[in-house]
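*Asks:* Sequence plus the predicted model coming up.
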Amino acid sequence: MDGVARLGRVNIALYPELAAKVAPLHPFSSSHVNPRNLPVVVGFPRNCGAFWCRRKYRGMMKESALSAFAMDHLAGYEDVPPLTRESLAAFLEGDPKKVKFVYFNSRAGSASPLLRRAATEYRNDVSVAQVHYKQSEAAYWIRKHGMHTPPAVLVLKEAGEKIIEQDVTGKDKLKALLIEHKLQILPELRSSSLKSTGCQPGGLVQVCVAAIGIDGFHFTTARDTLRAVKLTLQSPSSPSATLSTALEHKELSMVWIDARRQRGVREALFAGDEHMPRIVAMRFFGGEEKVDLSTYDGSMIRADIAAWISSIFEGDDEGMVSGIEFPKLAVDSLGFYERALRFQGSTLSWARYFGAELVYMSIEAGPAVPVGMILTIVMIPMLFQRPKRRKKPMRKRSEMDQDAVIELNDDALECLKEQHMKSLVVMMFIESSEDDQETFKKLRNAFWREPILSFGVVNIRKASGWSDFAESSGAAAGSVLVWHPMRTKFQIIGSGDGTIPHPVLCAKIEKILDGMSNWQDGVWPVQAKT
């Protein structure tokens, strides 16, 4: 269950009050569960940590049953359908906009937590399924898909591209394949795929080429042509080594945009008849929100489009419009039918759970408690008028999200230290408020939506204990450090005074967020007590 749920235990003898809150005798009891009924497993859904959200596991103490309880009732992961060789064909012919990811396993049973998590997190882009590979059907799988021995993976992308990965042993390899193949060859640019495609300012991508239009013959032609250009550049016989290298190193990105759904993009990047598709190229400059824009006005010929992209990537400014504000993408939203299905599923799940709890409550505490609760629920509407809905206050960006960067004093540093295991702290050392902080501000603005990151500057001349730490760690004024949530490790990622480009610092923080970091041992300085 690594990555799915955090585990812990409560000793009922040492912490009776906590046990009464976590595992009460029944939902309305102030006493903990009877010691004769131990052990008891209780879980909390990922979107609610209040005690009333707890869910009690009632079943055999088996690993598979406990895993299913955590994934179904706590994490809320989607199911991964089991397929046979007869039902696989219909699955592969499903939604053409989604990647089909099929895991072949030699053992029958429910899907692993990793597959179910991927099916949930990548639901907009990937359809995940599982096939029980039987030795009696080995000849069929070899003949049909070239599948020799499980565990293996079949990936089907647009244009009929089929990828077979053999010997997929270990969770790490399966996770790497899920990340590698979660997008189509030419993915759709949406708010949820913005980071994965890299088509945004402040990242590694220097040029993003996009086909923009609405569904129709002309837009399908433009999209297919741009996809063919990308496949050509990724092939060994690529006509441009520069663009092939740029694609491999994620300096060049190619996407398509639904102009009807993303009206803001359409209005910002081109005007005119929305039914006529466009191929545009956006050139980014570091962390700036403005881009240079060029529109392709030639024929839909692959070689011509590749040559046009090459000239833009190499810095050709002919026909380029500068200073275009990078448009904001519309937030992904489910259709009415999908929302209704999810609401129905969630409502039925909670109804079944509370119905079962009422039955157990009647058995464990007698019928008086559930009957009284039902009567109370029935009488509440008669006793109270329905309160008026209050308008939700508008959420505004905090001071740290504006141009200014907060200077961390001794109290703030001590507070961040006590909040260990909650956030990574990104700080820049300064000696005075006059020090150049522009690059660090851009870094903060690039990651202000990341809840796990806290940003601030530390004046090593004022903050007690930090001057000695800076000297011993080799972190001079201007250095940018990232502290591990344990506050016992840190990493110096560069300088925030402009000597190191902003995208380089962004890339290093991205690696840390992805779990790829080289931490140095170090203790968070202790503040001097007065």
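*Replies:* Done, it's in.
*Asks:* list the contacts for the closest residue to Tyr103 other than its chain neighbours?
*Replies:* Spatially, and ignoring its direct neighbours in sequence, Tyr103 is nearest to Gln130 (5.0 Å; CB to CB, 6 or more residues apart in numbering). C-beta: built from backbone N, CA, C; applies to glycine. By CB atoms under 8 Å, 6 or more residues apart in numbering, the contact list for Gln130 reads 80-83, 102-105, 111, 115.
*Asks:* For my notes, confirm Gln130 occurs in a strand.
*Replies:* Yes. Counting by DSSP: H, G, I helix; E, B strand; the rest coil, Gln130 falls inside a strand.
*Asks:* how about low-confidence regions in the stretch 1-150 of the chain?
*Replies:* Scanning the stretch 1-150 of the chain for pLDDT under 70 picks out the ranges 1-3, 26-28.
*Asks:* the domain parsing of this protein - what is it?
*Replies:* 16-75, 82-180, 194-325, 349-382, 399-521 (automatic domain parsing).
*Asks:* Residues touching stretch 153-164, excluding its own?
*Replies:* With CB under 8 Å, 6+ apart, stretch 153-164 has contacts from 92, 96-97, 99-104, 145-147, 152, 165, 168, 174, 177, 181, 184-186, 224, 227, 231.
*Asks:* Make a ChimeraX selection of whichever of those turn out to be buried.
*Replies:* Here is the ChimeraX selection string for the buried members of those, based on 16 or more other CB atoms under 10 Å:
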select :92,99,100,101,102,103,104,145,147,152,165,168,174,177,181,184,185,186,227
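*Asks:* mind listing the strands in the stretch 201-350 of the chain by residue range?
*Replies:* 207-213, 252-258, 278-283, 290-296, 321-325 (DSSP state E, counting those that start in this stretch).
*Asks:* Also the stretch 51-200 of the chain?
*Replies:* 55-56, 82-83, 99-105, 126-132, 152-156, 162-165.
*Asks:* In a markdown table: those strands, plus distance to Lys462.
*Replies:* Output for the strands of the stretch 51-200 of the chain, formatted as a markdown table (distance: least, CB to CB, whole Å):
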| stretch | distance to Lys462 |
| --- | --- |
| strand 55-56 | 49 |
| strand 82-83 | 62 |
| strand 99-105 | 53 |
| strand 126-132 | 50 |
| strand 152-156 | 55 |
| strand 162-165 | 55 |
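*Asks:* quick one: which of those is nearest Met428?
*Replies:* strand 126-132 (38.5 Å; CB to CB).
*Asks:* and the angle from the closest one to strand 99-105?
*Replies:* 20 degrees (axes from the mean of the first three to the mean of the last three CA atoms, to 10 degrees).
*Asks:* isn't Pro239 right up against Ala306?
*Replies:* Yes. Between Pro239 and Ala306 there is a contact at 6.1 Å, judged by CB atoms under 8 Å.
*Asks:* low-confidence ranges in the stretch 401-530 of the chain?
*Replies:* 401-404, 420-421, 527-530.
*Asks:* just so I have it, where are all the helices in it?
*Replies:* 410-418, 438-446, 466-473, 502-513 (DSSP state H, counting those that start in this stretch).
*Asks:* Show me which residues of the first one are buried.
*Replies:* Within helix 410-418, the residues that qualify as buried are 410, 413, 416-417, counting by 16+ other CB under 10 Å.
*Asks:* Over to the shortest one?
*Replies:* Within helix 466-473, the residues that count as buried by 16+ other CB under 10 Å are 466-467, 469-470.
*Asks:* and what of the last one?
*Replies:* Buried residues in helix 502-513, defined by neighbour count with 16+ other CB under 10 Å: 502-503, 505-506, 508-509, 512.
*Asks:* show me what contacts Pro327?
*Replies:* 262, 264-265, 267-269.
*Asks:* Tell me the predicted confidence for it.
*Replies:* At Pro327, the pLDDT value in this model is 80.
*Asks:* Could I get the contacting residues of the closest residue to Ser193 other than its chain neighbours?
*Replies:* For Ser193, ignoring the flanking residues on the chain, the nearest one in space by CB to CB, 6+ apart is Pro187 at 5.7 Å. Counting by CB under 8 Å, 6+ apart, Pro187 touches 125, 193, 196-197, 255-256.
*Asks:* mind listing the strands for the stretch 401-530 of the chain?
*Replies:* 424-430, 453-459, 479-483, 489-495, 520-521.
*Asks:* so how far is Phe447 from Leu513?
*Replies:* 9 Å (CB to CB, to the nearest Å).
*Asks:* pLDDT below threshold where in the stretch 251-400 of the chain?
*Replies:* For the stretch 251-400 of the chain, counting by pLDDT under 70, the residues that fall below are 270-275, 286-287, 333-346, 349-350, 353-374, 376-377, 379-400.
*Asks:* Endpoint to endpoint, stretch 493-503 covers what distance?
*Replies:* With CA to CA, to the nearest Å applied, stretch 493-503 spans 12 Å between its terminal residues.
*Asks:* And that stretch, what's buried?
*Replies:* 493-497, 500, 502-503.
*Asks:* now swap in stretch 214-224 and tell me
*Replies:* Taking 16+ other CB under 10 Å as the criterion, stretch 214-224 shows 219, 222-223 as buried.
*Asks:* Using PDB, list the CA coordinates for stretch 278-296.
*Replies:* Only the C-alpha atoms of stretch 278-296 are listed here, as PDB (Å, rounded to 0.1, in the frame of the first residue of the first chain):
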ATOM      1  CA  ARG A 278      -4.400  26.900 -37.600                       C
ATOM      2  CA  ILE A 279      -1.000  25.600 -36.800                       C
ATOM      3  CA  VAL A 280       0.800  28.000 -34.600                       C
ATOM      4  CA  ALA A 281       4.200  28.100 -32.800                       C
ATOM      5  CA  MET A 282       4.800  29.700 -29.400                       C
ATOM      6  CA  ARG A 283       8.400  30.500 -28.400                       C
ATOM      7  CA  PHE A 284       9.000  30.900 -24.700                       C
ATOM      8  CA  PHE A 285      11.600  32.900 -22.900                       C
ATOM      9  CA  GLY A 286      12.500  31.700 -19.400                       C
ATOM     10  CA  GLY A 287       9.800  32.400 -16.800                       C
ATOM     11  CA  GLU A 288       8.200  35.300 -18.700                       C
ATOM     12  CA  GLU A 289       4.400  34.900 -19.200                       C
ATOM     13  CA  LYS A 290       4.600  36.500 -22.700                       C
ATOM     14  CA  VAL A 291       5.500  34.500 -25.800                       C
ATOM     15  CA  ASP A 292       6.400  35.100 -29.400                       C
ATOM     16  CA  LEU A 293       3.800  33.800 -31.800                       C
ATOM     17  CA  SER A 294       4.100  32.600 -35.400                       C
ATOM     18  CA  THR A 295       1.200  31.200 -37.600                       C
ATOM     19  CA  TYR A 296       1.900  28.700 -40.400                       C
END
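*Asks:* Of all the residues in that stretch, which ones are buried?
*Replies:* 278-284, 286-287, 291-294, 296.
*Asks:* Out of the buried residues of stretch 214-224, the closest to Trp524 would be?
*Replies:* Arg223 (51.6 Å).
*Asks:* Once you drop chain neighbours, what's closest to Asn34?
*Replies:* Leu25 (6.8 Å).
*Asks:* where's that neighbour relative to Ala306, distance?
*Replies:* Taking CB to CB, one finds Leu25 at 71 Å from Ala306.
*Asks:* neighbour-wise, which of the two wins?
*Replies:* Ala306 (19 against 16; other CB atoms under 10 Å).
*Asks:* any idea how far the more buried one is from Val229?
*Replies:* 5 Å.
*Asks:* Same check on Tyr57?
*Replies:* Counting by CB to CB, the gap from Tyr57 to Val229 is 53 Å.
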